[in-house]
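# Okay, predicted coordinates and the sequence, questions at the end:
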Amino acid sequence: MILKIAFRNILRNGRRSVMTLLAIAVSGIAIVLFGEFIAFVRVSLETNAVENVGHLTVFKRGYFDYGAGNPGAFGIDDYQGVIRTIAQDPVIGPTLNVVTPTISLSGIAGNFAIDASKTFLGTGYVPRDREKLRRWDAHGVTGRRVLPDPGVSDEDESRGVVGVGLARVLGLCQALHIASCPPRPQPAVRTVSTSAGAPPSIALDPEAEPDARPRGPRLDLLAATASGAPNVMSLYVARAEPQGARELDENVVLMSFSLAQQLLYGRGEKKATAILLQLRRTEDLARVRARLGSLFAERHLDLEVRDFAEREPFYRQAVGMFGAIFLFISLIMGVIVLFTVVNTMGMSVAERTSEIGTVRAMGVRRGGVRRLFVVEGAMLGAFGATLGVLSGQLLAVLFNRTGATWTPPGQAAPVPLAVLTSGVNGLLVLGWVGLVVMATVAAVVPANRAARLQVVDALRHV
C-alpha cells in the first residue's frame with residue numbers, strides 16, 4: 001500500500017517529478033559515460049604496457065635497482081634453461097602467451113658520415129616473439145589494427161628500429177623519409193692537414209660494405225661488454241618509430257636479440273638481461289607471479305620477478321589520476337541529486353501539510369509519515385537512476401560507432417577513442433545504487449520535517 005501511495009504522489013505533480021527524474025538521469029549518464037571512459041583508458045594503458053614489456057619480467061636479483069649501470073654483469077645464466085622450466089611448469093605453462101628473452105643495454109650510436117653521434121638506450125628482442133607481444137589484445141581495445149613493419153626480423157639480424165628523435169639527431173630523416181624533420185644546420189667546413197706518416201682518415205661508407213642489399217642507412221653502435229672492453233656493431237635502420245616521450249624518442253634503439261648479445265657480451269658467454277612473460281589473461285598475473293617465486297626458491301635460482309606496473313610507473317600514475325577525477329565528478333553529481341531531491345520533497349511536504357494532518361488525525365504515526373516520504377524519494381532515485389544508466393549505455397554504444405580517435409598520454413600515434421561497454425557491470429550497479437542512496441538520503445530531511453508537524457497546526461494549514 002505504501003508503494004502505491006508513494007507512486008501516486010509522484011504522479012500528482014508530473015512536471016516537477018519529471019524535472020527531478022531528468023536531473024538524476026543526467027547525473028547517471030555522466031557517471032556511466034565517464035566511468036566507462038576511464039575503464040577504457042585503464043585497459044588501453046594496460047594493453048600498451050603488456051605489448052611492450054609483457055605481464056611479468058624475470059631479472060637476476062638486483063638488476064631492477066642497479067642493473068642500468070652495468071647490465072652485462074646482471075645477465076641471467078642459462079636463460080634458455082630457465083625459459084624451458086617456466087614454459088613446462090604445469091601451473092604457468094597453460095597461462096602463457098609468450099615467454100621470450102630480452103637484452104637491455106646502452107651506448108653511443110654514431111652516423112660518422114655526418115660526424116654525428118648520440119647516446120642510446122637499446123633493447124634486443126627475438127623478432128618473432130616481439131610480433132606476438134605486439135598482437136596481445138585480451139580486452140579488445142585495439143580492434144583490427146594493421147601493425148607497421150616491425151623493422152626487426154629473423155631473416156636479417158642486422159636490421160633495427162630507432163626513435164624519430166634519434167633519427168633526426170643522427171641525420172637520417174631523408175634516408176628514412178621522415179617528413180616532420182626541420183632542416184639540418186650545415187656545420188662549418190674544417191680543413192684537416194695530415195703530416196707525413198700519419199694514418200689516413202677512414203670514412204665509414206655504407207656503400208663500401210661487401211653486402212650491398214638495400215637495408216637502410218647504417219649506424220655504428222658502441223657499447224661496453226660485460227668485461228669492460230669496447231665493442232662496435234653496425235645496425236641498419238629499417239624505419240623510425242615515434243615514441244610517446246621526447247626522452248625516449250631521442251634515445252631508443254630496437255634491435256634483434258642476437259645482435260644485442262654480440263654487442264653486450266662480445267665473445268664471452270651469451271646471456272639475457274631479462275625474460276618477459278606475456279599471459280593470455282591479466283587475471284592470472286598474481287597466481288603466476290606467486291608460482292614463479294616458489295619455483296625459483298625450489299631450484300635455488302637467484303632471480304626476481306616484476307610486473308608491468310612496476311616497470312611502467314606511468315600506468316599506476318595515470319590510473320590513479322583518472323580515478324581521482326572520477327571520484328570528484330561522482331561527488332559533484334551526487335550533490336546535484338541531493339539538492340534536487342531535497343528541493344522537490346520539500347515542496348511536496350509544503351503542499352501536502354493539510355493531508356499530513358489528516359492522516360495523523362486518522363491514527364498514522366510519525367514513523368508512517370516519514371516512511372512515506374522516504375519511499376517517494378527512493379522511487380524517484382530508482383526511476384531516475386534506471387533511466388540514466390540505460391541512456392548512458394545507449395549513448396556509449398552510439399559514441400563507439402563514431403570512429404573517434406585521440407592521442408593518449410605516453411603514446412605518439414592516434415588510437416581509437418571509445419568507452420568500455422562490456423565487463424563494466426560493477427560500475428553500472430555501483431552507479432545505480434549510489435544514485436538511489438543519495439536520493440533516499442536526500443528525502444530524509446523533508447520526511448523528518450513532515451513527521452514533526454503538529455496535528456492541529458497541520459489541519460488548519462491553508
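Right, received. Where do you want to start? Residues are numbered from 1 along each chain as shown.

# Just the pLDDT for residue 278.
Model confidence at residue 278, given as pLDDT, is 96.

# secondary structure element for it?
For residue 278, the host element (DSSP states H and E) is strand 274-279.

# What strands line up against that strand, and which way round?
Paired strands of strand 274-279, with direction, are strand 56-60 (antiparallel), strand 96-111 (antiparallel) (DSSP bridges).

# immediately after it, which helix or strand?
That would be, after strand 274-279 and using DSSP H and E, helix 285-298.

# So what angle separates the directions of that following helix and strand 274-279?
140 degrees (axes from the mean of the first three to the mean of the last three C-alpha atoms, to 10 degrees).

# Name the surrounding residues that touch helix 285-298.
55-56, 58, 85-86, 89, 91-92, 95, 277, 279, 301, 303, 305, 307 (C-beta atoms under 8 Å, 6 or more residues apart in numbering). (Each C-beta comes from the backbone N, C-alpha and C, glycine too.)

# picking that back up, can you give me the offset of the strand holding residue 278 from its chain's centre?
Centre-to-centre, strand 274-279 and its host chain are 18 Å apart (C-alpha atoms, centre = their mean, to the nearest Å).

# Equivalent analysis for stretch 27-35, please.
The answer for stretch 27-35 is 20 Å, by C-alpha atoms, centre = their mean.

# Keep only those of the contacts of helix 285-298 that are in helices.
85-86 (DSSP state H).

# Quick check: PyMOL command selecting the buried ones in the contacts of helix 285-298.
Of these, the buried ones can be selected in PyMOL as follows, counting by 16 or more other C-beta atoms under 10 Å:
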select buried, resi 55+56+58+85+86+89+92+95+277+279+301+303+305+307
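
# Relative to residue 447, how far out is the spatially most central residue of the chain?
Closest residue to the average C-alpha location of the chain: residue 45 at 1.2 Å, with C-alpha atoms, centre = their mean. In this view, residue 45 and residue 447 are 45 Å apart by C-beta to C-beta, to the nearest Å.

# And residue 284, by the same measure?
Taken as C-beta to C-beta, the span from residue 284 to residue 447 is 50 Å.

# in the protein, which spans are strands?
Using DSSP state E, the strands of the chain run over 56-60, 96-111, 116-125, 159-163, 218-224, 230-241, 252-256, 274-279, 303-307, 405-406, 415-416.

# To residue 15, which of those strands lies closest?
Nearest to residue 15, of all the strands of the chain, is strand 405-406, at 40.0 Å by C-beta to C-beta.

# picking that back up, can you tell me which of the strands of the chain is most buried?
strand 159-163 (a mean of 27; mean count of other C-beta atoms under 10 Å).

# Give me the angle between it and strand 230-241.
70 degrees.

# Contacts for strand 159-163, please.
For strand 159-163, using C-beta under 8 Å, 6+ apart, the contacting residues are 109, 120, 150-153, 170, 172, 215-216, 219, 235-243, 248-256, 259.

# what about 7 Å?
Strand 159-163 is contacted from outside by 151-153, 215, 235-241, 243, 248-255, using C-beta atoms under 7 Å, 6 or more residues apart in numbering.

# one step back: check contacts around the residue nearest to the centre of the chain.
So residue 45 contacts 315, 318-319 (C-beta under 7 Å, 6+ apart).

# from those, which ones fall inside helices?
Per DSSP H, the subset of the contacts of residue 45 in helices is 315, 318-319.

# Pick the one among these closest to residue 269.
Nearest to residue 269, judged by C-beta to C-beta, of those is residue 315 at 34.4 Å.

# shouldn't residue 126 be in contact with residue 98?
No. Counting by C-beta atoms under 7 Å, residue 126 stays clear of residue 98, with 9.3 Å between them.

# Just give me the neighbour total for the residue nearest to residue 303 when sequence neighbours are not counted.
Spatial nearest neighbour of residue 303, chain neighbours left out: residue 296 (4.9 Å); criterion: C-beta to C-beta, 6 or more residues apart in numbering. Counted with other C-beta atoms under 10 Å, the neighbours of residue 296 add up to 19.

# Next one: residue 296 from residue 89, what distance?
In terms of C-beta to C-beta, residue 296 sits 11 Å off from residue 89.

# what pLDDT does the residue nearest to the centre of the chain get?
90.

# ok so, going back, could I get the strands paired with strand 274-279 as CSV with distance to residue 135 and mean pLDDT?
CSV is the format used below for those (distance: least, C-beta to C-beta, whole Å; pLDDT from 0 to 100):
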stretch, distance to residue 135, mean pLDDT
strand 56-60, 18, 95
strand 96-111, 9, 94
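
# Tell me which of these lies nearest to residue 455.
strand 56-60 (70.9 Å).

# what does the closest one contact?
Contacts for strand 56-60 (C-beta under 7 Å, 6+ apart): 67, 74-76, 82, 274-277, 285, 288-289, 292, 302-307, 311.
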